[in-house]
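**Q** got a sequence here, can you build the structure:
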Amino acid sequence: MNHISRSIWNLRLRISTLLSRTILDWSDQTSVTLRRLFVTLLTSLILYWGLLPEVALAQTQTAPPQEAKTQTPSVQSSIQPYLDRVIKQLTEFRLENGLKFIVLERHQAPVVSFLTYADVGGVDEPDGKTGVAHFLEHLAFKGTTRIGTEDYKAEKPLLETLERLDAQIQAAKADGKKDEVARLEAEFKRVESQAAKLVKQNELGQIVEQAGGVGLNANTSTEATRYLYSFPANKLELWMSLESERFLDPVIRREFYKERDVILEERRMRVENSPIGIMVEKFIDTAYKVHPYRRPVIGYDQDIRNLTPEDVQKFFDTHYVPSNLTIAIVGDVNPAEVKKLAQTYFGRYQAKTKAVEQIAVEPPQKQTREVTLQLPSQPWYLEGYHRPAITHPDNAVYEIIGSLLSDGRTSRLYKSLVEKQRLALSAQGFSGFPGDKYPNLMLFYALTAPGHTVDELGVALRQEIDKLKTEPVAAVDLERVKTQARAGLLRTLDSNMGMAQQLLEYEVKTGSWRNLFKQLDDISAVTTADIQRVAKQTFTAENRTIGKLLSKEG
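**A** Prediction:
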């Protein structure tokens, strides 16, 4: 994350704090419209930091490119012609080293979006090394032995010296040798200053921007690390050169300690200084006992502090192997040219065996779990239920249930808890938390309205959930949420980058990008009986985890 990004983080933090205090001071006479406006903004900020903690942006260069929109069909009409056209325009191939490419031709505008998907995230980290996947994502922007440096031969020994000094500082601290620590830290700063003079700051980003590229970015989740940006169509070979070099010859040690401080600051803003961030971290740790979903993707504070360049390099060598990478290229390209260039540039990668992590299986939950925190915050109520992974036959049913309960102002939670009973300022829910590759949570959350308690919210929320078990959903309501769900999915396919992201998510997590389109059929096939059946199986007291964030004045 660069200095501009850090400034944005600080601004958002100040806004969130201000809004939290403002809401706490609201009286019943406050304008409902104004209150909703504030809550909408606050909720979006909290979602950014807390309820979606797995996404950690490393660096953003510019806004996404303007693309010609694909003619997406009306959801009332048949989508088969559209899907047939997409499938016809899609090419896939795998290099001899195991790296797979998915190429989709879209010639409406001379732009191309690229997404490199590493099938590795927070769940793959060794115990005691949490945050290493996210740390590596940050370091992937630091360049190579040729990009990002004035003179790598001069820089390399300085980086090695910094690593040695850091180890000595940690040992001296453990032994309580204060004078030795002070001497070593002074030497560390001197060498770090020398190394910094050899760094070409953000050279990768500058090359991309000067060539007309936009949207240089990355994110790390529980299950994947994604690197993305877009270029004019005539820069295909430049992308091939830059992206292949990026993972063929990375310099993991460059600005390692500087970036460690940046990540620790991210954690402070996202967790330690955010009541809802603390709540969500405790909630997940309560809902999961053995599965690595229970750990924060950004990592625990002490783990981050103890990570070394050697730790990150080992993680890179283990997981960034060709067979663990999949690349989507969507836009104005020729698949034959893509394949030829891919063989030239990415064919240089040496084939290696893909690491197979032994992910612990979460045992069935046998009783209600609860966590309560008291912090200076507007009260929040969270309720989660374990559900199967994205590959389960009932995945579309869970998506429909989520839409029915919390998709917009026509949803049941909004109409009941916010409009009718006025117990909440906001009430929503969604599936796939904190990821969806493995069995995960359907999470519901609500921000209490002034004068009401989290316990009241819990009762009202459960009443709406229980109705799904006892009352068949009306045909008109089911058709409405089906239309919303299908339309939402189709909208994500409008842009080149949106299509690239969806293709890769389904390719890697379900085994085939074709399942992206099967999901549309699965949504259409959901019945009222399916909803009742899944609701009865899922929404039980034994399968429930409750989180209560109570207000603490001052």
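**Q** spit out the contact partners of E505.
**A** L516 (Cβ atoms under 8 Å, 6 or more residues apart in numbering). For the C-beta atoms, the positions are set from N, CA and C on the backbone; glycine is no exception.
**Q** give the helix, strand or coil label for L550.
**A** Per DSSP: H, G, I helix; E, B strand; the rest coil, the local secondary structure of L550 is strand.
**Q** again, but for the one 3 residues further on
**A** Taken by three-state DSSP, the conformation at E553 corresponds to coil.
**Q** any idea how far the residue nearest to it when sequence neighbours are not counted lies from I278?
**A** The shortest distance from E553 to any non-neighbouring residue, by Cβ to Cβ, 6 or more residues apart in numbering, is to P376 (7.0 Å). The gap separating P376 from I278 is 11 Å, by Cβ to Cβ, to the nearest Å.
**Q** then A174?
**A** Distance from A174 to I278, by Cβ to Cβ: 28 Å.
**Q** same thing with K339?
**A** According to Cβ to Cβ, K339 and I278 sit 49 Å apart.
**Q** likewise for L162?
**A** On the measure of Cβ to Cβ, L162 and I278 end up 33 Å apart.
**Q** between the two, which is the more surrounded one?
**A** Applying other Cβ atoms under 10 Å to L162 and I278 shows that L162 carries more neighbours, namely 21 against 18.
**Q** and the next helix or strand past the host helix or strand of L104?
**A** Element membership for L104, per DSSP states H and E: strand 100-105. Tracing the chain past strand 100-105, the next element assigned as helix or strand by DSSP H and E is strand 111-118.
**Q** tell me what that following strand is packed against?
**A** Applying 3 or more Cβ pairs under 8 Å, 6 or more residues apart in numbering; DSSP states H and E, one finds that strand 111-118 contacts strand 225-232, helix 236-248, strand 325-331, helix 496-510.
**Q** that one pairs with which strands, and in what direction?
**A** As defined by DSSP bridges, the strand partners of strand 111-118 come to strand 225-232 (antiparallel), strand 325-331 (antiparallel).
**Q** deepest in the core, which of those is it.
**A** strand 325-331 (a mean of 26; mean count of other Cβ atoms under 10 Å).
**Q** and the angle for the helix or strand that comes right after it with strand 100-105?
**A** Tracing the chain C-terminally past strand 325-331 and defining elements by DSSP H and E, one meets helix 335-345 next. Inter-element angle recorded for helix 335-345 and strand 100-105: 150 degrees (by axes from the mean of the first three to the mean of the last three Cα atoms, to 10 degrees).
**Q** verify the contact between P388 and L441 for me.
**A** No. Counting by Cβ atoms under 8 Å, P388 stays clear of L441, with 11.0 Å between them.
**Q** comparing these two, which shows the higher neighbour count?
**A** Using other Cβ under 10 Å as the criterion, P388 and L441 rank with L441 on top: 26 against 18.
**Q** apart from its chain neighbours, what residue comes closest to the more buried one?
**A** Per Cβ to Cβ, 6+ apart, closest to L441 is G384, 4.2 Å.
**Q** list phi and psi for the one you found.
**A** phi -130, psi 150 (degrees, to the nearest 10).
**Q** mind listing what it touches?
**A** 283, 287, 433, 441-444, 544-545, 547.
**Q** low-confidence ranges, the stretch 1-150 of the chain, go.
**A** Flagging of the stretch 1-150 of the chain using pLDDT under 70 yields the residue ranges 1-80.
**Q** domains in the protein, by residue range?
**A** 150-198, 363-551 (automatic domain parsing).
**Q** so which of those gets nearest W239?
**A** Of all the domains of the chain, domain 363-551 sits nearest to W239, with 12.7 Å by Cβ to Cβ.
**Q** contacts for the helix or strand in which R260 is found?
**A** Using DSSP H and E, R260 sits in helix 256-267. Residues outside helix 256-267 that contact it (Cβ under 8 Å, 6+ apart) are 1, 6, 9, 56, 131, 134-135, 138-139, 142, 159, 162-163, 166, 192, 296, 298-299, 301, 304-305, 307, 309, 312.
**Q** just the buried ones from these, in PyMOL syntax?
**A** Burial among those is assessed by 16 or more other Cβ atoms under 10 Å; the matching PyMOL selection reads:
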select buried, resi 1+9+56+131+134+135+138+139+142+159+162+166+192+296+298+299+301+304+307+309+312
